[in-house]
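>>> Predicted model follows, preceded by the sequence.
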Amino acid sequence: MSVRNVAPGVQSVGAIDWDRRLFDDLISLPDGTSYNVFLVRGSEKVALIDAVDTTMEMALMTNLVSAGADRIDYIVVNHAEQDHTGLLPLLLEMYAGATVVTNKTCKDLLIAFHGIPEERITVVGDGDTLSLGDRTLEFLITPWVHWPDTMLTFLKEERVLFSCDFLGAHLATSDLFVRDSAEWHRSAKRYYAEIMMPFRNSIRGHLERVRKLDPAIICPSHGPLHDDPDLVLTAYGDWVSDDVKNEVVIAYASMHGSTKVMVDHLVDDLIDRGVRVRQFHLPATDLGDLAMALVDPATIVIAAPTVLFGPHPAVITPAYLANALKPKAKFATVMTSYGWGGKTVETLKGMLNHLKVEFLEPVQVKGFPSPEGLEAISALADTIRDRHAAVAVDWPGTA
């Protein structure tokens, strides 16, 4: 990423990571990512917002030289995670007069992660400001917008919000600002689902604070920037709301076909009843795609055969994921086929204990689904239709 102008006195000096495909040994990055860093020049002082992952040392150093950053007075750290602070120790060596500016929680993490000397850290609180001369940085403490240490930084005169991980996207693109809204939306929704969804209730309040700032530009730490902030604010408003869609996500595995027959029957019955369905065969599913699908539906169904005494291993990680991400679904249930016994239903219900849902009557079938078993599935489809009628909204354009 070359040095590019974002607003008067603000330059982007970060790096595009075109080739990265895994984050935290956990999150797949099908579209790469970026580590956005910003140089803010005032008439008296210069601030750097964030520092890239250690793998991008050459890119940041080259850009700082190209930008003529021979002096940096402040390094603002909005969040201590290493993809934002990997080069912080090196930067503090290069710029011996620089002071780290962050909040109390982040300060403690920076000392733990990088051994940053306490005397080089200045702690700020919510609403505190820092003068750069003719420009002013204001800090918003926003805990649990991803991590407990997260804060946002607002350049008041230019109305530029440096939003940290909040409102970002894992997307490597040569566009400085969002230009392909469909491409951005998919990446941003996946990012929200995998990273932000567990903190939906906290985010809702902080989103209103951002709206009141009325930013002209939003600069997240990952992905393209927003010169049309309403695009991302509207999307997040939908995602963090309590509104659920008239949709069922069915995640399943099947060993000898019995569970697949159950799933197929439920899918057909739901379609006949006007309910939208998304079906995921778990052994072949990208967990990021599943996480993204969990943002909207009113109901989640996990279907699995019993292996020995419990659920098929392919559903364990997705069930754990759903429980950790805490989507806003209103209902959940389990379908299982078994041979001689087991506790698949009890195990999966226990794994979803963090979901604030009504558990609908599970369907358990011994062997291949009998007519009675299929009738129970049809009854489940009826229940889902009736429950959705009370709480769910249809997708735009649905008749």
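Here it is on my side, so go on.
>>> nearest spatial neighbour of L287, skipping sequence neighbours?
L321 (6.1 Å; CB to CB, 6 or more residues apart in numbering). Every residue, glycine included, has its C-beta placed from N, CA and C.
>>> what does R387 give?
Counting by CB to CB, 6+ apart, the residue nearest R387 is F331, at 5.6 Å.
>>> got the contact list for that neighbour?
By CB atoms under 8 Å, 6 or more residues apart in numbering, F331 lies in contact with 298-300, 357-360, 384, 387.
>>> Against T383, how distant is it?
9 Å (CB to CB, to the nearest Å).
>>> just to revisit the earlier point, filter the contacts of F331 to the buried ones?
298-300, 357, 360, 384, 387 (16 or more other CB atoms under 10 Å).
>>> and of the residues you listed, the nearest to I72?
The closest of the buried ones among the contacts of F331 to I72 turns out to be I300 (CB to CB; 48.1 Å).
>>> pLDDT (mean, whole number) over the strand of greatest length in the chain?
Among the segments of the chain that qualify as a strand by DSSP state E, the longest is strand 297-307. Summarised as a single mean, pLDDT over strand 297-307 is 97.
>>> Give the pairing partners of that strand; include direction for each.
strand 244-252 (parallel), strand 310-311 (antiparallel), strand 331-338 (parallel) (DSSP bridges).
>>> list the buried ones in the one helix or strand L233 maps to?
Secondary-structure assignment from DSSP states H and E places L233 in helix 229-240. Residues 229, 231-233, 235-236, 239-240 are the ones in helix 229-240 that count as buried (16+ other CB under 10 Å).
>>> Domains in the protein, by residue range?
4-240, 248-388 (automatic domain parsing).
>>> can you redo these as a markdown table with distance to W395?
Formatted as a markdown table, those follow (distance: least, CB to CB, whole Å):
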| stretch | distance to W395 |
| --- | --- |
| domain 4-240 | 11 |
| domain 248-388 | 6 |
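>>> Of the contacts of F331, which is the nearest to T62?
I300 (46.8 Å).
>>> mind listing what the closest one touches?
I300 neighbours (CB under 8 Å, 6+ apart): 248-249, 251, 294, 322, 327, 329, 331-333, 355, 357.
>>> got it, and T306?
With CB under 8 Å, 6+ apart, T306 has these contacts: 312, 336-339, 341-342, 344.
>>> likewise D394?
245-246.
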